[in-house]
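Chemist: here is the input, now give the coordinates:
(one chain, ligands or ions: 1)
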Amino acid sequence: MNDAEGAAALSAEALGKRYKRGWALQDCTFVLPRGRVSALVGPNGAGKSTLMSLATGLLSPTAGTIRVLGDTPGRGGTHPRLAFLAQDKPLYPGFSVAEMLRAGQALNERWDHVYARSLVHTAGVPTGARISTLSGGQRTRVALAMALGRRPEIVVLDEPLADLDPLAREEVMQALMQEVAETGMTVLLSSHVLADLDGICDHLLLLADGRVRLGGDVEDLIASHRVMIGPRSRGEQPFASEAVIESRVTERQTTAVVRRGGAVPPEGWEAHEPTLEELTMAYLRSSREQSARATTPAGPESAEVAA
Ligand SMILES: Nc1ncnc2c1ncn2[C@@H]1O[C@H](COP(=O)(O)OP(=O)(O)OP(=O)(O)O)[C@@H](O)[C@H]1O
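Modeler: Residues are numbered from 1 along each chain as shown. Coordinates of the predicted model:
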């Protein structure tokens, strides 16, 4: 283990996972720092849940390594200092909320009952209600209390915001940020709602087709890119092609997301820093175009070239 891996909450080196149908993750190398909120984003089927299952030891890698707080997951179950909130939020449907919390207390040495109860109270979920009668959003809040009640050092949340209303999303993110600030807890959360991540996540890991397409400190990533807006033009663009992540032409203008690399906006163009959403959308669209090109059958022209 090197120094960076030792200081990391989660790290992977050439990590790969193959199912019967093929590779879900390939050659993934990254380091997620401790005490930060990291966002895991990517299109459907990108490998996010697979990565989370590897981190929690529910799956084993086919290739490479993954480490949680410096340890290899899977030996003896989920890491004792890691809590996982799966997408399907498994809870006992026949239990009341209070019984569920008491089960959490009975099953976990590090359980903080006062804190877990306070999270459920803040969410306005009645503790006498049966789990099976709760709404999707209420179930999420109970599942979150079950995860955070363990006072984990790292919490892994698979789309925790998906069935929450906007106010509940804000409350959940605030509760997480408070934990991060007060206890140094590390959060890794996946989400398709990119707007929710702006201003909340300080680290990003973007997967597409099972590979890491973008990763790093959010401020650094934003500072190293620019959105360039200029006149509508279908011809040559004034940027080196290797600097362009994605470029779109509408009836009125051309918008390009480029690597900064000293790129000064040409005359008639304006530039601004991307938001996290603009940046991730540019990489997601570019990955989709790349994989569409890779799966397009070779046409007659390519056959001619090959011949
Ligand atoms: N148990 C499994 N057996 C076979 N293939 C699987 C299994 N689980 C996932 N896959 C495949 O692995 C790939 C990655 O799936 P995964 O669920 O990790 O993606 P995801 O990024 O979490 O997607 P989503 O955003 O839709 O939840 C997909 O092609 C999926 O079909």
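Chemist: identify all contacting residues around stretch 32-44.
Modeler: 7-11, 48, 51-52, 69, 153-154, 176-177, 180, 184-192, 194, 197, 200-208, 213, 280, 284, 287-288 (C-beta atoms under 8 Å, 6 or more residues apart in numbering). Any C-beta I mention is one placed from the backbone N, CA and C, and that applies to glycine too.
Chemist: list the buried residues for stretch 90-105?
Modeler: By 16 or more other C-beta atoms under 10 Å, the buried positions in stretch 90-105 come out as 91, 95, 96, 97, 100, 101, 104.
Chemist: ok, now stretch 111-118?
Modeler: Those would be 111, 112, 116, 117, for stretch 111-118 by 16+ other C-beta under 10 Å.
Chemist: taking these one by one, which sit in helices?
Modeler: Among those, the residues falling in helices (DSSP state H) are 116, 117.
Chemist: how about the closest residue to residue 30 other than its chain neighbours, secondary structure?
Modeler: In space, not counting the residues next to it along the chain, residue 30 is nearest to residue 215; the distance is 4.9 Å by C-beta to C-beta, 6 or more residues apart in numbering. Using DSSP: H, G, I helix; E, B strand; the rest coil, the structure places residue 215 in strand.
Chemist: now residue 215: how far from residue 66?
Modeler: According to C-beta to C-beta, to the nearest Å, residue 215 and residue 66 sit 14 Å apart.
Chemist: try residue 35
Modeler: Residue 35 sits 19 Å away from residue 66 when distances are taken as C-beta to C-beta.
Chemist: between the two, who's got more neighbours?
Modeler: Ranked by neighbour count (other C-beta atoms under 10 Å), residue 35 and residue 66 place residue 66 first, with 23 against 15.
Chemist: which one of the buried residues of stretch 111-118 is nearest the ligand?
Modeler: The ligand lies nearest to residue 116 out of the buried residues of stretch 111-118, by C-beta to the nearest ligand atom, at 26.9 Å.
Chemist: just the CA coordinates of the helix or strand where residue 228 lies, formatted as PDB?
Modeler: Using DSSP states H and E, residue 228 sits within strand 225-231. Extracted C-alpha coordinates of strand 225-231, given in PDB (Å, rounded to 0.1, in the frame of the first residue of the first chain):
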ATOM      1  CA  HIS A 225     -12.000  23.700 -17.700                       C
ATOM      2  CA  ARG A 226     -13.900  26.500 -19.400                       C
ATOM      3  CA  VAL A 227     -17.200  26.800 -21.100                       C
ATOM      4  CA  MET A 228     -16.600  28.800 -24.300                       C
ATOM      5  CA  ILE A 229     -19.600  30.400 -26.000                       C
ATOM      6  CA  GLY A 230     -19.200  31.800 -29.500                       C
ATOM      7  CA  PRO A 231     -20.900  32.400 -32.900                       C
END
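Chemist: list the buried residues for the following helix or strand past that strand?
Modeler: Going down the chain from strand 225-231, the next helix or strand is strand 244-249, by DSSP H and E. Across strand 244-249, burial judged by 16+ other C-beta under 10 Å covers 244, 245, 246, 247.
Chemist: what does stretch 139-157 give?
Modeler: 139-157.
Chemist: looking at these, which are in helices?
Modeler: 139, 140, 141, 142, 143, 144, 145, 146, 147, 148.
Chemist: which one of those sits closest to residue 27?
Modeler: residue 147 (30.0 Å; C-beta to C-beta).
Chemist: correct me if wrong: the closest one contacts residue 83.
Modeler: Yes - Residue 147 is within contact range of residue 83, at 4.0 Å (criterion: C-beta atoms under 8 Å).
Chemist: so what sits against both of the two?
Modeler: residue 155.
Chemist: what's the domain layout of this structure?
Modeler: Domain assignment for the chain by automatic domain parsing gives 3-217, 224-297.
Chemist: redo those domains as TSV? Include mean pLDDT.
Modeler: Converted to TSV, those look like this (pLDDT from 0 to 100):
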stretch	mean pLDDT
domain 3-217	91
domain 224-297	86
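Chemist: quick one: closest of these to the ligand.
Modeler: The closest of the domains of the chain to the ligand is domain 3-217. By C-beta to the nearest ligand atom, the value is 3.3 Å.
Chemist: for the ligand, tell me which of the buried residues of stretch 111-118 show up nearby.
Modeler: Residues of the buried residues of stretch 111-118 in contact with the ligand (C-beta under 6 Å from any ligand atom): none.
Chemist: can you point out the buried residues in stretch 156-166?
Modeler: The neighbour-count criterion (16+ other C-beta under 10 Å) identifies 156, 157, 158, 159, 160, 161, 162, 164 as the buried residues of stretch 156-166.
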